[in-house]
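In: give me coordinates for this.
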Amino acid sequence: MIKLLSPVNGQEISLQTEIQKQFFADELHRAQMDGALTFQWYDLKRQGEDHSAPAPVVFSWQESECGNEQAAYYLLVSERADMRDAWYYVTEQTEHAVYNLKVNTAYYWCVQRNGKRSEIASFKTADTLPRCIKIDHISNVRDMGGYRVKGGRIRQGLLYRGGELELHMQLCDKGARELLRLGVRTELDMRGEARGQVDFTTAEALGIARIYVPSVPYENVFDPMHAEQLHRFFEVLTERASYPVYFHCWGGADRVGTFAFVIGAALGMRYEDLIDEYEFTGLSIWGVRSRNYQDFQAFLKRFMDLPGMTLQEKAHAFLMQYAGITREQIAAIEEILVEKDGKD
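Out: Numbering: from 1, shown residues only. This is a model prediction of the structure:
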C-alpha cells in the first residue's frame, strides 16, 4: 500500500523561494535605489548566484509492502481530478521535487508501482507572481502569464521570457527536455550579436521554429530605423499557431525587459506589476535592474508621453505608431493571451 505524505491534501503551496519573497518585501528599498547602474546591455557580465528559479513542490510518500524492490515509482501530477493528461516522473526514491507548476492552480497527484496505485490527493499553488521557470543552465526565465488584468488574467503557459540558450549560456539535456515539456513552438531571438555567430540555434535542433528579430532596448525602440523588427516581433504574437513562444535576448534583462513592459502594458497589467517584472531580473546572474536606471527612465518618459489616458492605451498607441500593428492585430493578441473571467 502506498501512502501519500506531502503535499498534504488541500494544502496551498508557494512557488517562491525565501530570497524571492524578500525581493517583494524590499519594495521601499527598490524604489529608492540609485539609478546610476554601470552595466552595458550589449556586453553583460555574470554577477553572483542565480536566484531566478522557482521553489519546487516536493512530493513524498511511503510504501508498507514493497513487493518488487527493483520496480520504479511513477509520480503522476495533473490539473484534472481524473488524472487525464498527467505528467509522470520516474524515480526509485520515495521523494521527488517537481518544478515549473503553474501558480494559482489546483493539482492532483498519485503514485503507482508494481501495478498498484495510491489514492489521489490534491493541493493548490499560491497566487504568487511572477511564475518563475527553471530551465537548467539558463537564467532569468519566467512566464508572463498569471497577472490580473481588466476582466481576466493573462494566460499561463503561452508566453515565456528569458535568457539565451547558447553562446554565453549553454542549454543542457535536462533543460532541453523541460523546454519541450513546456511545449514551446517558437523562439523569438532578439540578439543582434547572434548574427554571424549562430548559424543553427539550440531551439532549432529541438524542432522549435526560430524567428530572428534583432532588437534594441529602452528609448531606442522609438527610433524609426527599428520599426521593421518591431513589427515582425509583435506580428508573431498575433498568430495563434506561434504559441507557446519563448522570447529572449542575451540575459532576458534589457531588450526583453523593454518588450515585456510594452506587452504587459498592452494587455492591461498594473504599473506596479510591470516594475516588479523589470526589476525581478536582479535575482538572475545578469546584475541589478532598477526603475531609476537612467535608460529605463528615458524609455518610460517617452512611453508616458504617448497618447492615451491609461498605460494600456499608451501601449496600444506605441504598437500602432512605432510597430505598425493594427487595432485588429492588438485585439488578436489580447484574444490569445487574456483569459476572460468566467471562461475556461
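In: just give the nearest non-adjacent residue to Y42, would you?
Out: In space, Y42 comes closest to E193 once its chain neighbours are excluded; the distance is 6.9 Å by CB to CB, 6 or more residues apart in numbering. Using the backbone N, CA and C atoms, a C-beta is placed for each residue, glycine as well.
In: my bad, should have said W286
Out: Leaving aside its sequence neighbours, W286 sits nearest to G251 (CB to CB, 6+ apart; 3.6 Å).
In: quick check, pLDDT for the residue nearest to Y42.
Out: E193 carries a pLDDT value of 94.
In: when you give positions from now on, start the count at 651
Out: Sounds good: first residue 651 from here, last item E843.
In: run through the strands of the stretch 651-800 of the chain in chain order.
Out: 652-656, 661-663, 707-713, 723-728, 737-741, 745-748, 756-763, 766-767, 771-775, 781-782, 792-793, 798-799 (DSSP state E, counting those that start in this stretch).
In: and the residue nearest to M954 when sequence neighbours are not counted, what helix or strand is that in?
Out: Excluding its sequence neighbours, the residue lying closest to M954 (CB to CB, 6+ apart) is K964, at 6.9 Å. Using DSSP states H and E, K964 maps to helix 961-972.
In: before we move on, the earlier item: let's have the strands of the stretch 651-800 of the chain in CSV, adding distance to G807.
Out: Shown next, in CSV, are these (distance: least, CB to CB, whole Å):
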stretch, distance to G807
strand 652-656, 25
strand 661-663, 18
strand 707-713, 17
strand 723-728, 15
strand 737-741, 13
strand 745-748, 15
strand 756-763, 14
strand 766-767, 27
strand 771-775, 13
strand 781-782, 9
strand 792-793, 7
strand 798-799, 16
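In: any idea which of those gets closest to Y972?
Out: Evaluated over the strands of the stretch 651-800 of the chain, closeness to Y972 peaks at strand 798-799, with 22.0 Å, by CB to CB.
In: next helix or strand past that closest one?
Out: Downstream of strand 798-799, the first helix or strand assigned by DSSP H and E is strand 802-804.
In: for that next one, buried residues please.
Out: Within strand 802-804, the residues scored as buried using 16 or more other CB atoms under 10 Å are G802, R803, I804.
In: any residues touching that strand, and which ones?
Out: By CB atoms under 8 Å, 6 or more residues apart in numbering, the surrounding residues in contact with strand 802-804 are 794-797, 914, 917, 919, 987-991, 993.
In: tell me which of the residues you listed fall in helices.
Out: Judged by DSSP state H, the contacts of strand 802-804 include G914, L917, L987 as members of helices.
In: can you give me the neighbour number for the last one?
Out: This points to L987. 22 (other CB atoms under 10 Å).
In: I'd say it and R805 touch.
Out: Yes. Shown here, L987 and R805 form a contact pair, counting by CB atoms under 8 Å, at 5.7 Å.
In: name the residues contacting each of the two.
Out: Contacts common to L987 and R805, judged by CB under 8 Å, 6+ apart, are G795.
In: for stretch 826-839, the distance to its chain's centre please.
Out: 11 Å (CA atoms, centre = their mean, to the nearest Å).
In: need the distance between the two termini of it.
Out: End-to-end distance of stretch 826-839: 17 Å, with CA to CA, to the nearest Å as the criterion.
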